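*Asks:* next input, structure requested:
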Amino acid sequence: MTFKRNMNSVLVVDDNADVRMTAHFLLSDHGYEVIEAESPAQAQMSLKNRQFDFILLDMNFTKDTTSGSEGLAFLDWLEQAQVSASVIVMTAWSSIELAVRAMQKGAKDFIEKPWENQRLLHVLEQQAKLRLLETENRALKALNKIHNTSDELVVKSQAMNELMRKLSRLAQSDATILLTGENGTGKSSVAKFIHDMSTRNEQAFVSVNMGAIPANLFESELFGHTKGAFTDAKSQREGRFELANGGTLFLDEIANIPLEQQAKLLRVLESGEFERVGSSKTQQANVRLVCATNADLEAMIQAGTFRADLYFRLNTIEMIIPSLKNRAEDILPLCEHFLQKHAAKYAREGLFLSAKAKSKLKCYLWPGNVRELSHVIERSVLLAEDKEISDDDILIKQSTAMLGLSSQARDEEFGEEVMTLEQGECQLIKTALIKTMGNINESAKLLGVSASSLYRKMEKFNINKFELGNN
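*Replies:* Predicted coordinates for the structure are as follows:
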């Protein structure tokens with residue numbers, strides 16, 4: 001990635017107008033955007049209104065003071081306010097001790113006044129490169145977590161690559177994201193990816209299954225409780241909003257919140273305020289919210305079981321997680337991932353999938369998505385008698401392994417009876433030939449095979465295309 005110096009902004013904090021003007025002229029001439037502040041208080045106001053890449057900070061602001069206490073206090077404030085700008089401190093006194101203390105409090109480097117122009121420019125450029133490396137390393141760290149620890153996030157297909165690109169960008173904001181899609185598609189892993197790619201990735205990621213919380217414990221689980229707040233409250237307990245403070249709170253199965261509890265969640269989302277059960281002290285929640293559901297929330301609003309105002313608060317950005325049948329390129333990589341995972345779990349290393357087993361796995365439509373695939377591979381690891389996992393070890397319903405046909409088409413063609421793979425393959429060839437009126441090339445395209453391969457299959461199953469029209 002190319003380093004672009006002219007994208008950087010600098011806040012110059014110094015009580016001497018001449019110093020500020022000199023810095024302004026020098027840095028502006030070299031492509032920096034420069035804002036001036038004559039005191040730490042004025043700098044704080046600027047930092048509340050916008051972000052800066054760098055802060056050039058004087059350490060003394062009171063006349064005849066050389067202790068640097070004002071600059072050190074400002075560094076403490078920067079840490080508490082979680083300001084991400086890189087700080088370079090300035091001092092007119094050659095005090096190594098003060099520079100060390102400043103760097104212990106978070107400053108990145110220091111220069112002496114009066115400075116050498118090339119020295120100041122060099123320090124800023126080096127810090128800009130370091131900031132860029134930190135950003136790239138954070139992204140790589142998050143991506144490595146996906147490849148090393150995630151069960152669901154295999155990013156091979158175009159659909160998943162596009163989703164990851166969008167989420168990588170959205171993760172940098174604090175916008176609330178609603179993840180939707182079928183059961184088992186990996187929404188919890190996507191939520192963790194959003195956290196890992198965000199600026200909050202060093203803070204807590206707290207996941208809550210809203211469908212598993214009894215209605216009478218809803219407030220206690222989310223907001224915490226004090227000792228004695230109710231019969232079983234034998235000690236004080238932090239709620240999920242407190243545990244996730246500064247980080248990300250993931251509310252899974254959001255549609256399962258009882259209607260009477262939805263208003264309580266809406267209040268904390270709108271105001272950021274809540275109270276522990278049994279306490280009147282109002283607390284502030286600083287969390288990035290990610291929610292997930294497989295339900296149709298708009299239909300629930302029409303039915304009166306989900307609040308419209310809560311829905312609009314939750315779906316600032318809605319991202320649909322593709323089902324496994326729509327990301328077929330990920331099936332075999334996921335199979336290999338789960339095979340390694342479950343083989344290690346059951347001490348059965350060295351297992352591998354046969355060609356027929358792979359074909360069977362690829363043909364299945366996976367109504368249970370990634371979760372179902374994991375369970376199928378786990379069973380095959382337990383059942384396999386040899387190192388090679390055969391198609392017989394893959395226990396899935398063969399009647400639904402019909403190469404992309406809709407459930408309605410499968411029912412029309414084959415009924416509900418389970419058939420062998422050969423029976424299914426024969427019926428598929430007949431169906432394709434009927435639909436194309438016996439055109440071999442078109443039938444081969446429909447089936448995803450070559451014309452010569454189709455001829456061999458027809459010979460194997462003794463299929464005569466001229467007889468099909470009479471059936």
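*Asks:* need the helices for the stretch 251-400 of the chain, in chain order.
*Replies:* Assigned by DSSP state H, counting those that start in this stretch, the stretch 251-400 of the chain shows helices spanning 259-271, 297-303, 308-314, 331-345, 355-363, 369-383.
*Asks:* which of those is buried the deepest?
*Replies:* Burial of the helices of the stretch 251-400 of the chain is given as mean neighbour count (mean count of other CB atoms under 10 Å); helix 369-383 ranks first at a mean of 19. C-beta: built from backbone N, CA, C; applies to glycine.
*Asks:* now the angle from that one to helix 355-363?
*Replies:* 160 degrees (axes from the mean of the first three to the mean of the last three CA atoms, to 10 degrees).
*Asks:* now Tyr455, nearest residue through space, not along the chain?
*Replies:* Among residues not flanking Tyr455 along the chain, Ile440 sits closest, at 7.1 Å (CB to CB, 6 or more residues apart in numbering).
*Asks:* Ala451 touches Ile440, doesn't it?
*Replies:* Yes. Look at Ala451 against Ile440 with CB atoms under 8 Å: they come within range, at 5.3 Å.
*Asks:* of these two, give the one with the bigger neighbour count.
*Replies:* Remark: of Ala451 and Ile440, Ile440 carries more neighbours, 16 against 13, as counted by other CB atoms under 10 Å.
*Asks:* report pLDDT for the more buried one.
*Replies:* Looking at Ile440, its pLDDT reads 88.
*Asks:* quick check, it in contact with Leu454.
*Replies:* Yes. With contact defined as CB under 8 Å, Ile440 reaches Leu454; the gap is 6.1 Å.
*Asks:* ok, now how distant is Thr231 from Glu221?
*Replies:* Per CB to CB, to the nearest Å, Thr231 is found 16 Å from Glu221.
*Asks:* look at those two and report which has more neighbours.
*Replies:* Applying other CB under 10 Å to Thr231 and Glu221 shows that Glu221 carries more neighbours, namely 18 against 6.
*Asks:* now the helices of the stretch 251-400 of the chain in CSV, with distance to Phe52 and mean pLDDT?
*Replies:* Output for these, formatted as CSV (distance: least, CB to CB, whole Å; pLDDT from 0 to 100):
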stretch, distance to Phe52, mean pLDDT
helix 259-271, 29, 89
helix 297-303, 40, 93
helix 308-314, 31, 93
helix 331-345, 43, 91
helix 355-363, 52, 89
helix 369-383, 43, 91
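*Asks:* any idea how this structure splits into domains?
*Replies:* Domain assignment for the chain, taken from automatic domain parsing, gives 7-134, 158-322, 325-396, 407-468.
*Asks:* compare the mean pLDDT across those and name the weakest.
*Replies:* Among the domains of the chain, domain 407-468 scores lowest, with a mean of 71.
*Asks:* what residues are up against Leu57?
*Replies:* Val13, Asp14, Ala43, Gly71, Phe74, Leu75, Val87, Ile88, Val89, Met90, Ala107 (CB atoms under 8 Å, 6 or more residues apart in numbering).
*Asks:* so what's the residue count around the residue nearest to Gly224 when sequence neighbours are not counted?
*Replies:* Excluding its sequence neighbours, the residue lying closest to Gly224 (CB to CB, 6+ apart) is Gly239, at 3.4 Å. When neighbours are counted by other CB under 10 Å, Gly239 registers 23.
*Asks:* check for me that Ile111 belongs to a strand.
*Replies:* Yes. Per DSSP: H, G, I helix; E, B strand; the rest coil, Ile111 lies within a strand segment.
*Asks:* show me what contacts it?
*Replies:* Residues near Ile111 by CB under 8 Å, 6+ apart: Ile88, Val89, Met90, Arg119, Leu120, Val123.
*Asks:* same list (the helices of the stretch 251-400 of the chain) but as JSON lines, adding distance to Glu425.
*Replies:* Converted to JSON lines, the helices of the stretch 251-400 of the chain look like this (distance: least, CB to CB, whole Å):
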{"stretch": "helix 259-271", "distance to Glu425": "50"}
{"stretch": "helix 297-303", "distance to Glu425": "39"}
{"stretch": "helix 308-314", "distance to Glu425": "46"}
{"stretch": "helix 331-345", "distance to Glu425": "19"}
{"stretch": "helix 355-363", "distance to Glu425": "9"}
{"stretch": "helix 369-383", "distance to Glu425": "20"}
